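Trainee: What shape does this take:
(one chain, ligands or ions: 2)
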Amino acid sequence: MAEVTGFPERVALDPEVVRIARTLEDAGYETWAVGGALRDRLLGGGQSDVDLATAATPEVVQRLFRRTVPVGVRFGTVGVLDSGRRLHEVTTFRQDVETDGRHAVVRFGVSLDEDLARRDFTINAIAYHPVREVWRDPFDGFADLRAGLVRAVGVPADRFREDYLRILRGIRFAARFGFRFDPATWDAAVAAAPGLDGLSAERVRDEWTKGLVTARSVAEFCRLWREAGAAAVWLPELDGLPAGADPAPEPRDPVVLTTLVCRAPATVLARLRASNHEIARAAAVEEGPAAPEGRDDVAVRRWLHRVGTAVDDLVLLAAYRGGTPAWVETVRQVRERGDPTERGDLAVTGHDLLALGVAPGPELGTLLDRLVDEVIRDPSRNRRDDLLAMVRSWR
Ligand code: ATP
Ligand code: MG
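Mentor: Ligands and ions are numbered 1, 2, ... in the order given. Below you'll find the predicted structure:
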């Protein structure tokens, strides 16, 4: 396919990428820009990193450039560092010779077209020659980009069986760009979805979090996970969002979004092997309470005391749920003033109480909590002599 009408004639690439491609070409190795970065540029979006695909083997790439990083040499990927120490990925043309739905064994020494043929979707299988400035698009990815279609390269059922993660990738791209699935690709994805259970939790988590963060519509992203049958395998707790109830506010936080769309989000994140920190955040949001009992200072300080470090996540969750509740402004004011809400904010310490003759242990804890309660109700009482007088009067 020499001429593809409608393609922009050329695409602006990082000069360092062009320089790397030229070095490889001058040494006799065909080299193309490939993958997501071209897709994104053709859609008029972002400046995502450009991947290069080359006929040169990893050993040759490592020999041709002074500074390289063995990113994934076994799969053909070498990182080339430019003069500004930025890393550019260069991957040898390859074919997957053996696939078990999870990982591949690859073979080098294949052509560009064979390399493009093992890619997942037509919109990800477009190549551009950085030096000659021509396109190569054997699967009509550009037409699908224009039509807004996610379509598998080749026979969809085979492609999903080779790597079930592609189901989740397809969903992510559809939700991110507002694309539809080509019907045959969708049917094959639904049929293949039970195979998702063999994937590693880490790969699934990656797709889940990237999808939540990049989806144009989180509601649509969740709907696709459910309708494809992916949720049944990995996230039976996924309720999703009613259509039209999309969280607009930034930042898109995958942990808080998970609490928004899933029941038992801490269980979900544990299943996806998220970090302990993320699981704990989800658990704290789950425990709440989601909002203070009132919008007044005292209610808000009580709530801040109760939820501790979960406050920012709960404020974000409230924003995702729509509108900005009045108490959010109170939270801001309380924090700006630095009103006391916990033991560490008290104008006395445990040592001060021990010096008064309080016994270490439960009594000390109870007294400190009482003091916190007092200053939450009236921050003006958070003065050392006032607090010590209170303790004396209680004993
Ligand atoms: P993004 O980086 O924005 O998530 P991308 O398309 O660049 O999207 P990468 O994971 O960076 O995705 O992969 C780069 C390219 O490698 C893809 O565009 C696609 O051509 C190919 N690719 C990646 N993962 C797979 C896969 N599981 N099966 C087949 N091809 C894949
Ligand atoms: Mg990418």
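Trainee: List the contacts of residue 222.
Mentor: Contacts for residue 222 (Cβ atoms under 8 Å, 6 or more residues apart in numbering) come out as 231, 238, 239, 240, 241, 261. Placement of C-beta: from N, CA and C, glycine included.
Trainee: Now with 10 Å, please.
Mentor: By Cβ atoms under 10 Å, 6 or more residues apart in numbering, the contact set of residue 222 is 171, 175, 211-212, 215, 231, 235, 238-241, 257, 260-262.
Trainee: Can you report phi and psi for it?
Mentor: The phi/psi pair for residue 222 (degrees, to the nearest 10) reads phi -70, psi -40.
Trainee: Distance of it relative to residue 230?
Mentor: Distance, residue 222 to residue 230, by Cβ to Cβ, to the nearest Å: 10 Å.
Trainee: tell me, what's touching those two both at once?
Mentor: In contact with both residue 222 and residue 230: 171, 238, using Cβ under 10 Å, 6+ apart.
Trainee: who in the chain is up against ligand 1?
Mentor: 35, 36, 48, 51, 119, 120, 124, 125, 163, 165, 166, 169 (Cβ under 6 Å from any ligand atom).
Trainee: Repeat the analysis, applying 5 Å as the threshold.
Mentor: Of all the residues in the chain, those in contact range of ligand 1 (Cβ under 5 Å from any ligand atom) are 35, 36, 119, 120, 124, 163.
Trainee: a markdown table for those, including neighbour count, secondary structure and pLDDT?
Mentor: Formatted as a markdown table, these follow (neighbours: other Cβ atoms under 10 Å; DSSP: H, G, I helix; E, B strand; the rest coil; pLDDT from 0 to 100):
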| residue | neighbour count | secondary structure | pLDDT |
| --- | --- | --- | --- |
| 35 | 23 | coil | 90 |
| 36 | 16 | helix | 93 |
| 119 | 22 | coil | 96 |
| 120 | 21 | coil | 97 |
| 124 | 21 | helix | 98 |
| 163 | 21 | strand | 94 |
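Trainee: now, which of the residues you listed sits nearest ligand 1?
Mentor: When these are ranked by distance to ligand 1 (Cβ to the nearest ligand atom), residue 36 comes first, at 2.2 Å.
Trainee: for the helix or strand where residue 170 lies, the distance to its chain's centre please.
Mentor: If you go by DSSP states H and E, residue 170 is part of helix 165-177. Centroid separation for helix 165-177 versus its chain: 13 Å, with Cα atoms, centre = their mean, to the nearest Å.
Trainee: shaky segments in the stretch 151-300 of the chain?
Mentor: Scanning the stretch 151-300 of the chain for pLDDT under 70 picks out nothing.
Trainee: Now do the helices in it.
Mentor: Assigned by DSSP state H, counting those that start in this stretch, the stretch 151-300 of the chain shows helices spanning 156-162, 165-177, 183-192, 201-214, 218-228, 230-234, 254-261, 265-271, 276-287, 297-307.
Trainee: Save the ones you listed as TSV, and put in distance to residue 13 too.
Mentor: Formatted as TSV, the helices of the stretch 151-300 of the chain follow (distance: least, Cβ to Cβ, whole Å):
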stretch	distance to residue 13
helix 156-162	28
helix 165-177	21
helix 183-192	29
helix 201-214	22
helix 218-228	30
helix 230-234	35
helix 254-261	30
helix 265-271	38
helix 276-287	36
helix 297-307	48
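Trainee: returning to what we had before: ranking the contacts of residue 222 by neighbours, who comes first?
Mentor: Among these, residue 171 has the most neighbours (other Cβ atoms under 10 Å), with 27 neighbours.
Trainee: What distance do you get for that one to ligand 1?
Mentor: Residue 171 sits 12 Å away from ligand 1, going by Cβ to the nearest ligand atom, to the nearest Å.
Trainee: That residue contacts residue 217, correct?
Mentor: No: using Cβ atoms under 10 Å as the test, residue 171 is too far from residue 217 to be in contact (12.0 Å).
Trainee: Now the common contact residues for the two.
Mentor: Contacts common to residue 171 and residue 217, judged by Cβ under 10 Å, 6+ apart, are 223, 224.
Trainee: CA-only coordinates of the helix with the most length in the chain in PDB, if you can.
Mentor: Longest helix in the chain, counting residues (DSSP state H): helix 362-377. Coordinates of the C-alpha atoms in helix 362-377 are reproduced here as PDB (Å, rounded to 0.1, in the frame of the first residue of the first chain):
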ATOM      1  CA  PRO A 362      -5.200   3.600  79.400                       C
ATOM      2  CA  GLU A 363      -5.900   6.500  81.700                       C
ATOM      3  CA  LEU A 364      -3.400   8.700  79.900                       C
ATOM      4  CA  GLY A 365      -5.000   7.800  76.500                       C
ATOM      5  CA  THR A 366      -8.500   8.500  77.700                       C
ATOM      6  CA  LEU A 367      -7.500  11.900  79.100                       C
ATOM      7  CA  LEU A 368      -5.700  12.900  75.800                       C
ATOM      8  CA  ASP A 369      -8.800  11.900  73.800                       C
ATOM      9  CA  ARG A 370     -11.000  14.000  76.100                       C
ATOM     10  CA  LEU A 371      -8.700  16.900  75.600                       C
ATOM     11  CA  VAL A 372      -8.900  16.500  71.800                       C
ATOM     12  CA  ASP A 373     -12.600  16.400  72.100                       C
ATOM     13  CA  GLU A 374     -12.600  19.700  74.100                       C
ATOM     14  CA  VAL A 375     -10.400  21.500  71.600                       C
ATOM     15  CA  ILE A 376     -12.400  20.200  68.600                       C
ATOM     16  CA  ARG A 377     -15.400  21.800  70.200                       C
END
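Trainee: Centre of the chain to that helix, how far?
Mentor: Between the centre of helix 362-377 and the centre of its chain there are 41 Å (Cα atoms, centre = their mean).
Trainee: For it, give the mean pLDDT please.
Mentor: Helix 362-377 shows a mean pLDDT of 96.
Trainee: That one packs against which elements?
Mentor: helix 297-307, helix 350-355, helix 384-394 (3 or more Cβ pairs under 10 Å, 6 or more residues apart in numbering; DSSP states H and E).
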